[in-house]
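Enquirer: below is the structure, and that's it, no one-letter string:
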């Protein structure tokens with residue numbers, strides 16, 4: 001039996017020890033000593049009951065000690081019952097337990113038992129019992145292992161399957177527009193000097209509406225996840241809980257990127273991809289950024305806030321760790337593209353990527369708390385901007401330096417003209433973006449050949465486009481010299497300048513370049529038309545002049561000169577017909593205007609010449625050999641010009657009037 005409890009500060013007159021009265025200062029010492037006795041003895045239940053009998057035989061001054069012993073006994077009883085539930089599932093002989101989703105009663109019992117142990121652990125009487133403390137540490141560790149397994153299982157089992165249609169459908173397609181040019185941009189050249197096959201279109205992209213969420217986890221499971229997380233955090237196992245959460249959710253996000261078509265590629269991999277495949281990957285990247293930042297990341301953040309509600313630092317840590325790889329995966333591809341070899345066909349996709357990331361940047365920076373990721377995102381955006389400026393500069397150089405020497409058959413529109421103008425027609429869709437990028441460019445043109453007022457009113461992109469088209473026109477001027485026939489040079493220039501004007505008028509280019517620019521090109525086309533008439537028909541018209549005929553047309557010498565005039569005119573006309581029916585003027589209005597101009601010059605002169613001198617030959621033999629065509633014949637034949645199909649008139653003879 002334990003020695004009598006004494007207090008050296010409380011003695012009787014004869015020096016014998018006494019028990020302090022209730023409420024006296026020594027009472028605390030008595031209770032502390034009693035607690036120390038219980039702790040040192042590490043008593044079992046039977047011993048404590050014996051101690052209760054002994055102390056109860058004394059008066060009520062020992063009631064506090066009795067209550068302490070009784071409380072310790074009750075705590076152990078409660079702990080034993082709770083521990084039994086925790087340990088029940090650890091027996092290797094037991095069949096695998098059911099998941100808690102399929103056995104809610106079992107889950108509730110387990111939670112209650114764990115809650116009981118955690119509650120008892122806060123009791124001073126429990127903490128004084130080393131044996132129980134050691135047992136509780138083991139029980140809690142076992143329980144945490146079970147909870148972590150259940151946590152993972154619930155996350156995996158309740159992850160909502162996502163497919164591409166559902167992911168793309170989660171953002172509004174308000175302005176999904178295709179700036180199609182009916183394949184013209186690569187109708188002839190895929191890039192300068194290379195033949196192309198197939199057609200292309202440029203997808204401006206999916207507009208971003210309000211952030212929308214999809215269910216990443218079945219809503220009912222979120223409650224269960226929160227229940228487990230709360231207990232793991234309370235038990236000091238928040239690190240293990242966060243690791244379990246992030247490992248499962250990270251895999252789910254990786255799967256979403258795969259669904260969206262974003263592969264994990266190194267910079268070296270991206271550099272080796274051919275343009276057709278890279279173009280497709282860039283397009284999918286744009287969509288993935290929009291879906292990721294507007295849908296997946298907000299939903300992921302909302303899920304972490306629900307599961308770890310009330311634990312701000314933990315929910316932020318879990319979200320950042322879950323999404324870090326996904327964000328860096330996207331950024332790495334953007335960085336790889338930004339340092340790829342620059343070529344004109346890449347510009348549209350680079351601008352798409354820049355626009356998508358720039359649009360997403362405020363939301364992205366607001367969600368991610370990692371300074372490294374924020375700096376990385378800003379760096380990739382800046383890199384894409386630099387790549388866009390550099391690629392545009394390469395395009396400008398390519399237009400200026402394109403030196404193909406093969407003249408277009410029939411004086412048709414040159415592939416360079418088609419390529420450049422369709423390229424620019426698509427490019428103006430990005431005017432706002434290009435203005436912001438080009439206004440800080442060192443290559444900003446200072447003098448575009450306009451008066452100061454006009455130039456100052458032009459935006460950066462307008463100045464670049466003005467100079468770019470001017471470069472194209474100069475290039476075409478040089479290419480026209482490849483034709484030996486001066487008349488064909490004018491046809492070639494008219495065809496190409498008109499094509500340029502039409503593309504400007506039919507697009508936003510007109511708003512950038514202005515009406516005055518269009519009027520000047522229209523005037524240039526008229527000048528070339530005049531040049532064509534002079535170069536092509538001057539010789540024929542010279543045959544219809546009176547010089548050297550008027551005075552002696554009735555003499556033999558006069559008639560011979562007259563015959564030569566008709567013969568020469570016929571030869572000129574037939575040569576023009578043979579050659580210029582093979583020339584091509586694609587624009588119907590320009591074609592008709594040219595024919596009308598020719599008719600107005602040639603037909604009246606021919607009719608007048610035949611009217612004045614035709615009778616002098618008609619009375620002679622073989623008059624049809626010289627007067628082969630009526631004015632109406634000529635007018636009909638002029639309608640065959642510029643159709644691109646060669647014709648021959650050497651077999652023709654004058655028709656009866």
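Expert: Happy to help now that I have it. This one's a predicted model, so the numbers in the text were calculated from it and none came from an experiment. Numbering: from 1, shown residues only.
Enquirer: switch to C-alpha atoms for all contacts and neighbour counts from now on
Expert: Noted.
Enquirer: for residue 488, which non-adjacent residue is closest in space?
Expert: Counting by C-alpha to C-alpha, 6 or more residues apart in numbering, residue 411 is the residue found nearest to residue 488 once chain neighbours are left out, at 6.3 Å.
Enquirer: pull out the buried positions in stretch 238-254.
Expert: Applying a neighbour-count criterion of 16 or more other C-alpha atoms under 10 Å, the buried positions in stretch 238-254 are 238, 241, 242, 244, 245, 246, 248, 249, 250, 252, 253, 254.
Enquirer: test my guess that the fourth one contacts residue 154.
Expert: No: using C-alpha atoms under 8 Å, residue 244 is not in contact with residue 154, being 11.0 Å away.
Enquirer: let me know the pLDDT of residue 358.
Expert: Turning to residue 358, the model gives it a pLDDT of 96.
Enquirer: that one: how many residues sit nearby?
Expert: Neighbour count of residue 358, defined by other C-alpha atoms under 10 Å: 19.
Enquirer: distance of the spatially closest residue to it that is not a sequence neighbour relative to residue 287?
Expert: Sequence neighbours aside, residue 381 is the residue nearest to residue 358 in space, at 6.7 Å (criterion: C-alpha to C-alpha, 6+ apart). Computed with C-alpha to C-alpha, to the nearest Å, the distance linking residue 381 and residue 287 is 16 Å.
Enquirer: if we can go back for a sec, show me the contacts for the residue nearest to residue 488.
Expert: For residue 411, the contact set (C-alpha atoms under 8 Å, 6 or more residues apart in numbering) comprises 488, 489, 491, 492, 495, 583, 584, 585.
Enquirer: surely the third one and residue 532 touch.
Expert: Spelled out, it's residue 491. Yes: using C-alpha under 8 Å, residue 491 is in contact with residue 532, at 7.0 Å.
Enquirer: more neighbours: these two, which one.
Expert: Residue environment comparison for residue 491 versus residue 532 gives the larger neighbour count to residue 491, 26 against 21, counting by other C-alpha under 10 Å.
Enquirer: residues in contact with the more buried one?
Expert: Counting by C-alpha under 8 Å, 6+ apart, residue 491 has contacts 411, 528, 529, 532, 585.
Enquirer: so what's the residue count around the third one?
Expert: Other residues within reach of residue 529, judged by other C-alpha under 10 Å, total 22.
Enquirer: before we move on, what about residue 400?
Expert: Applying the criterion other C-alpha under 10 Å, we find 17 residues in the vicinity of residue 400.
Enquirer: can you tell me the closest non-neighbouring residue to it?
Expert: Nearest residue to residue 400, sequence neighbours excluded (C-alpha to C-alpha, 6+ apart): residue 471, at 5.6 Å.
Enquirer: the one you found: helix or strand, and which one exactly?
Expert: Following DSSP states H and E, the helix or strand that holds residue 471 is helix 460-480.
Enquirer: picking up where we left off before, just the ones of the contacts of residue 411 in helices?
Expert: When helices are assigned by DSSP state H, the members of the contacts of residue 411 inside them are 488, 489, 491, 492, 495.
Enquirer: test my guess that the fourth one contacts residue 417.
Expert: Okay, so that is residue 492. No: at 11.3 Å, residue 492 does not count as touching residue 417 under the criterion of C-alpha under 8 Å.
Enquirer: in the stretch 51-200 of the chain, where is pLDDT below threshold?
Expert: Along the stretch 51-200 of the chain, the model assigns pLDDT under 70 to residues 51-72, 90-102, 169-200.
Enquirer: so which residues of it form strands?
Expert: 178-180, 189-191, 194-195 (DSSP state E, counting those that start in this stretch).
Enquirer: for the host helix or strand of residue 519, the distance to its chain's centre please.
Expert: For residue 519, the enclosing helix or strand under DSSP H and E is helix 515-542. Between the centre of helix 515-542 and the centre of its chain there are 47 Å (C-alpha atoms, centre = their mean, to the nearest Å).
Enquirer: which neighbouring elements make contact with the following helix or strand past it?
Expert: In the C-terminal direction, the helix or strand that comes right after helix 515-542 (DSSP H and E) is helix 556-580. The criterion is 3 or more C-alpha pairs under 8 Å, 6 or more residues apart in numbering; DSSP states H and E, and the helices and strands that helix 556-580 contacts are helix 515-542, helix 588-618.
Enquirer: buried sites along the longest one?
Expert: By neighbour count, and taking 16+ other C-alpha under 10 Å as the criterion, the buried residues in helix 588-618 are 590-592, 594-595, 598-599, 602-603, 605-606, 609-610, 613-614, 616-617.
Enquirer: swap in stretch 500-517?
Expert: Residues 500, 501, 503, 504, 505, 507, 508, 509, 510, 512, 513, 514 are the ones in stretch 500-517 that count as buried (16+ other C-alpha under 10 Å).
Enquirer: same question, stretch 116-126
Expert: 116, 117, 118, 120, 121, 125, 126.
Enquirer: same check on stretch 569-578?
Expert: Neighbour-count burial for stretch 569-578 flags 569, 570, 572, 573, 574, 575, 576, 577, 578 (criterion: 16+ other C-alpha under 10 Å).
Enquirer: ok, these vs residue 85, which is closest?
Expert: Of all the buried residues of stretch 569-578, the one sitting nearest residue 85 is residue 578; the distance, using C-alpha to C-alpha, is 105.0 Å.
Enquirer: if I look at the closest one, how far off is residue 591?
Expert: The span separating residue 578 from residue 591 equals 17 Å under the rule C-alpha to C-alpha.
Enquirer: thank you, goodbye.
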